[in-house]
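> Okay, predicted coordinates and the sequence, questions at the end:
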Amino acid sequence: MLDQNLKILGKVPGSELTGTVKALKTGMHAVVYDGQIDADLIRTCEENNISYVAGMSASAKGNRAKVLTAEELL
């Protein structure tokens, strides 16, 4: 999880990512996930005003959050 200045706010296991995003609620600008981004993660990020979600791959697209995959970043 990163803030507006791209400082690391924290690192959490993938199994705890959605819960952590819900718990923190503010201050997050981007989420970087070492796995496949799914619709649930995107929805949670959008509900918490996170602008970017980056991961290895994605099975869904965001409406408000920009979803980036490893392939797009290389």
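Good, I have the coordinates.

> going forward, measure contacts between C-alpha atoms and count neighbours the same way
Noted.

> Next one: the most centrally placed residue in the chain from Asn48, what distance?
When CA atoms, centre = their mean is applied to the chain, the residue found nearest the centroid is Val31 (3.0 Å). Val31 sits 11 Å away from Asn48, going by CA to CA, to the nearest Å.

> Could you pull up phi and psi at Lys25?
phi 60, psi -40 (degrees, to the nearest 10).

> what number of residues lie near it?
The tally of other residues near Lys25 (other CA atoms under 10 Å) stands at 14.

> Begin at 622 from now on, thanks
Done: numbering now begins at 622, and the last item shifts to Lys646.

> Assign Arg664 to helix, strand or coil.
helix (DSSP: H, G, I helix; E, B strand; the rest coil).

> could you pull out the helices for this protein?
638-645, 660-668, 691-694 (DSSP state H).

> nearest to Ala681, of those helices?
helix 660-668 (5.3 Å; CA to CA).

> backbone phi and psi for Gln625, please?
Main-chain dihedrals, Gln625, degrees, to the nearest 10: phi -60, psi -30.

> and it, how many neighbours does it have?
Based on other CA under 10 Å, the number of other residues close to Gln625 is 12.

> can you tell me how far it sits from Glu667?
16 Å.

> Low-confidence stretches in this structure?
Filtered on pLDDT under 70, the chain yields no residues whatsoever.

> How many residues are close by Val642?
As a burial measure, Val642 scores 20 neighbours (other CA under 10 Å).

> Contact partners for the nearest residue to Ala679 once chain neighbours are set aside?
Leaving aside its sequence neighbours, Ala679 sits nearest to Ile658 (CA to CA, 6 or more residues apart in numbering; 4.4 Å). Residues in contact with Ile658 (CA atoms under 8 Å, 6 or more residues apart in numbering) are 674-681.
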